[in-house]
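[1] Give the three-dimensional model of this entry:
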Amino acid sequence: MNTTFEKARDFIYRNARPLDLARFQYHFENGSQEAVLNALLYYQNKDGGFGHAVEADCWNPNSIPLHCNAASEIIREINFKDKSHPIIQNLLKWYASGKYFNGKCWDVTVESNNNYPHAPWWHYDNTNTNQIDYNGTSQIVGFIVRYSDKESELFNIGVRIANEAIDALSPEQIRDMHTCVCYMRMADLFEKANAIEYIPFYELKDKLHKSINKLIVTDTSKWSGYVCQPSCFINSKDSEYYLDNKEIADYECDYIINTQLADGSWNIGWNWDGNYPDEWAISKNWWKCQWIIQNLLYLKGFGLL
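    Residues are numbered from 1 along each chain as shown. Reported below is the predicted structural model:
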């Protein structure tokens with residue numbers, strides 16, 4: 001196990017962006033939250049939003065919901081609690097500005113994406129604008145409720161949209177793993193905000209349990225591709241989703257250890273379909289660093305690190 005960690009650590013120190021190095025150091029080397037935020041600050045624009053490929057599959061430098069959500073996930077990941085911090089207050093101001101917000105949700109893709117290297121799924125197509133899509137938005141409103149003033153208009157908007165997002169759920173299951181993760185983050189952020197009374201919280205949690213149990217791909221022969229593995233939702237044996245998926249979640253620990261590459265990284269299960277090959281080569285390395293952090297956190301959560 002030490003070999004797994006050391007090889008992964010070597011790759012991080014040789015390849016990671018300063019942001020991902022700071023995240024790695026925070027999680028595994030007693031690094032500070034402030035160091036992570038200081039690195040994240042370089043992706044924040046003057047308008048308070050985030051850009052500059054903080055989400056590595058889109059090189060749009062402008063402030064867009066995709067990048068803002070990626071930045072807020074890092075803030076959630078390190079469990080940062082100070083609502084008054086400028087990086088949080090400025091991001092809340094960007095959300096309050098209404099940019100790319102149609103009154104129901106924030107745009108998943110934006111037109112300016114097409115001017116910069118990006119993965120095919122972040123390409124803007126004007127035929128799908130103004131659709132109601134809670135992939136992204138459900139996590140955004142969780143962040144808003146977690147960090148904004150409960151007396152503010154923005155907080156009320158967050159609560160309203162969260163309720164609308166829960167009402168919009170299928171009576172059977174959330175069928176997209178990315179959307180399911182966003183709803184899961186929303187539930188976590190409402191809980192951290194002591195705000196579960198504002199939404200049908202336990203209805204949401206029941207839906208998450210049912211959806212996660214169905215979304216996890218148990219055919220491990222498919223795991224070399226981009227499919228939903230336990231680590232999409234579970235990060236330790238303490239996870240409330242662990243017991244329902246114990247056998248396959250335990251198996252993923254062995255799978256992670258056994259599939260590490262010689263350079264210390266892991267394969268990335270997607271690509272940009274031949275678009276922007278030079279930029280994809282760079283983004284792929286950034287994603288490998290992200291994957292290393294995720295995999296090591298999973299092993300740590302299972303007491304194997």
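
[2] All the helices of this protein, residue numbers only.
    Taking DSSP state H as the criterion, the chain carries its helices at 2-15, 18-28, 33-40, 65-77, 86-96, 137-147, 153-167, 177-192, 201-215, 246-258, 277-301.

[3] Show me the one of those that comes nearest residue 269.
    helix 277-301 (9.3 Å; CB to CB). For glycine as for every other residue, the C-beta is placed from the backbone atoms N, C-alpha and C.

[4] And the contacts of the closest one?
    Helix 277-301 has contacts (CB atoms under 8 Å, 6 or more residues apart in numbering) with 1, 4-5, 8, 11-12, 15-17, 20, 23-24, 27-28, 53, 56-57, 59, 117, 231, 234-239, 252-253, 256-257, 264-266, 268, 271-272, 305.

[5] Work out the gap between it and the centre of the chain.
    13 Å (CA atoms, centre = their mean, to the nearest Å).

[6] Would you format the helices of the chain as JSON lines with mean pLDDT and distance to residue 113 included?
    Shown next, in JSON lines, are the helices of the chain (pLDDT from 0 to 100; distance: least, CB to CB, whole Å):
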{"stretch": "helix 2-15", "mean pLDDT": "96", "distance to residue 113": "25"}
{"stretch": "helix 18-28", "mean pLDDT": "98", "distance to residue 113": "21"}
{"stretch": "helix 33-40", "mean pLDDT": "98", "distance to residue 113": "21"}
{"stretch": "helix 65-77", "mean pLDDT": "98", "distance to residue 113": "8"}
{"stretch": "helix 86-96", "mean pLDDT": "98", "distance to residue 113": "17"}
{"stretch": "helix 137-147", "mean pLDDT": "98", "distance to residue 113": "17"}
{"stretch": "helix 153-167", "mean pLDDT": "98", "distance to residue 113": "23"}
{"stretch": "helix 177-192", "mean pLDDT": "98", "distance to residue 113": "17"}
{"stretch": "helix 201-215", "mean pLDDT": "96", "distance to residue 113": "27"}
{"stretch": "helix 246-258", "mean pLDDT": "98", "distance to residue 113": "32"}
{"stretch": "helix 277-301", "mean pLDDT": "98", "distance to residue 113": "13"}
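
[7] right, and those - which one's nearest residue 49?
    Closest to residue 49 of the helices of the chain, according to CB to CB: helix 86-96, at 4.0 Å.

[8] send the alpha carbons of that closest one over as CSV?
    Output of helix 86-96 as CSV, limited to C-alpha atoms (Å, rounded to 0.1, in the frame of the first residue of the first chain):
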residue,chain,number,x,y,z
PRO,A,86,-13.8,36.8,0.1
ILE,A,87,-13.6,33.8,-2.3
ILE,A,88,-17.0,32.7,-1.1
GLN,A,89,-18.6,36.1,-0.8
ASN,A,90,-17.5,37.0,-4.3
LEU,A,91,-18.8,33.7,-5.8
LEU,A,92,-22.2,34.3,-4.1
LYS,A,93,-22.3,37.8,-5.7
TRP,A,94,-21.7,36.2,-9.1
TYR,A,95,-24.6,33.8,-8.5
ALA,A,96,-26.8,36.7,-7.3
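
[9] OK, contacts around the closest residue to residue 273 other than its chain neighbours?
    With CB to CB, 6 or more residues apart in numbering as the criterion, residue 273 has its nearest non-adjacent residue at 5.4 Å, and that residue is residue 120. The contact partners of residue 120, by CB under 8 Å, 6+ apart, come to 272-273, 275.

[10] Pick the most deeply packed of the helices of the chain.
    A comparison of those by mean neighbour count, using mean count of other CB atoms under 10 Å, puts helix 137-147 on top with a mean of 27.

[11] Next, the angle from that one to helix 65-77.
    Going by axes from the mean of the first three to the mean of the last three CA atoms, to 10 degrees, helix 137-147 is angled at 50 degrees with respect to helix 65-77.
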